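**Q** task: produce atomic coordinates for the following.
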Amino acid sequence: MTTPDPDFNPYQPPTVGDLEPARPEAQAPAPLPWEDRERFPGFWKRVGEMFHLVFNDPLGFFERVPRGSGFTRPWQFQLLLLTPVFLILLLVFGALGVAGSLATLGTPSKDAPPAWIFPLLIPAFLILIPAFMFLGMLIGGLFSHFFLWLWGGLKAGEPLHHTIRAQGYASAFISLGGMIPYLGILVQLAGFVWMGMGLARMHRTDTWRGICAMLTPIFLCCCVAILAAIMIPALIAARH
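**A** Alright, predicted model coming up:
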């Protein structure tokens, strides 16, 4: 018969050697290159990596949007991509307007704007367009979040500002692609589907919910346009 060890305590805590090694936790994805200055200190390197990420991992792009509460960085990225394009379009149309005004100097018209007004459009553009971009980012993100909630896609509890930040970055690429001649409308429609799939992945919900949430405003606008096209001529005819 074995003699029990008088120093043995069955209630003593396990020693370090008895413990199982801790399992490595899942690492959070790296933030977007635009906000990751430690890995990409160069300005144009961050811009290039943003395009590389969109084309190589378009859905993972949304998972890497940081949860920061500020909207300055996505707004700055929108300004970087869209301001030069808008400025070029404004210069082209401004030059055409000045040429048209100079061509009609001999035959002045009451409806034609004066030639001096076109150079003033550039500073007005530099003041108003950034403000409109910021408001568009906030309103667009708010509507996307609302329609995601309407389709039951917010059960994961992702906050509103996360949706706004993600839409701010994605809409910059969609707006830029929408300026391609002849293909802009198709690019924008495909961009809305991409954004719906990305937001669904970010909010950890069904893909169809995200796509429906992004296409619902387009469907409602089409219904309103069709209704107006039917009702307005009918009201005019009834008035006369």
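
**Q** and the gap between residue 64 and residue 153?
**A** 19 Å (CB to CB, to the nearest Å). Every C-beta, even on glycine, is put in place using the N, C-alpha and C of the backbone.

**Q** who has more neighbours, these two?
**A** residue 153 (25 against 20; other CB atoms under 10 Å).

**Q** gap between the more buried one and residue 208?
**A** As for residue 153, its distance to residue 208 is 9 Å (criterion: CB to CB).

**Q** between these two, what contacts are shared?
**A** The contact sets of residue 153 and residue 208 overlap at residue 200 (CB atoms under 8 Å, 6 or more residues apart in numbering).

**Q** low-scoring stretches of this protein, by residue?
**A** 1-28, 69, 93-119, 121 (pLDDT under 70).

**Q** what sits against the residue nearest the centre of it?
**A** What sits nearest the mean C-alpha location of the chain, by CA atoms, centre = their mean, is residue 167, with 2.4 Å. If you count contacts by CB under 8 Å, 6+ apart, residue 167 has them with 137, 140, 141, 144, 195, 199.

**Q** the same query, at a cut-off of 7 Å, please.
**A** Neighbouring residues of residue 167 by CB atoms under 7 Å, 6 or more residues apart in numbering: 137, 140, 141, 144, 195.

**Q** of these, buried ones?
**A** With burial judged by 16 or more other CB atoms under 10 Å, the buried subset of the contacts of residue 167 is 137, 140, 141, 144, 195.

**Q** and those residues as CSV, adding secondary structure?
**A** Formatted as CSV, the buried ones among the contacts of residue 167 follow (DSSP: H, G, I helix; E, B strand; the rest coil):
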residue, secondary structure
137, helix
140, helix
141, helix
144, helix
195, helix
